[in-house]
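Q: Got a sequence here, can you model it:
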Amino acid sequence: MKKVFSIGLVSLFLVGCDKTVTKEMLVGDWKCEAIEYKSTWDGNNFGEFTINGTHEISIKFKNKNNSFYVQKQDDNKWREANDFLDEFTNETKTFEGDDSIAKSTKSLRKINDNKFLIIEERENIEKYDKDSFNNRKNKIEVTCNRIK
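A: Next comes the predicted model:
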């Protein structure tokens, strides 16, 4: 009997721990803290990330007429954002040009119903050694808390 109860309790806990961010969850007002990081190129590799700056952002989300909208801080316009969640696949996308290769990874994670985390990492590598001083790697972590 204890075993059945334990399995049921664990199952209930796992069902209640959905980490998926939905548009419905995002609806409301949010206060976010963004921490920007950079990594320097040593001629062969990137070093560890160091903090490059921090700032706060306010953002609002709403659903109206079967569409999803976002309003950013200091902007009085609501912008349609139906594909907002599609950006955060946690997959690295690579873009190759004639002179450089760029990589980008974006993820969005639900901490709880009142908090989520966005992480975006970008890397740009020049193909020619003479231009390697332009190599860069940046990361931004944005933690958003619902304003009650």
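Q: middle-most residue in the chain, spatially?
A: The centroid of the chain falls nearest to I118 when counting by CA atoms, centre = their mean (2.3 Å).
Q: How about the contacts made by that residue?
A: With contacts defined as CB atoms under 8 Å, 6 or more residues apart in numbering, I118 is in contact with F88, K106, S107, L108, I140, E141, V142, C144. (Glycine included, C-beta is placed from N, CA and C.)
Q: what's the nearest residue to the fourth one once chain neighbours are set aside in contact with, if anything?
A: Yep, that's L108 we're talking about. Spatially, and ignoring its direct neighbours in sequence, L108 is nearest to F88 (3.6 Å; CB to CB, 6 or more residues apart in numbering). Going by CB under 8 Å, 6+ apart, F88 touches V21, K106, S107, L108, I118.
Q: any idea how far G43 is from F88?
A: 33 Å (CB to CB, to the nearest Å).
Q: How about N82?
A: Applying CB to CB to N82 and G43 gives a distance of 44 Å.
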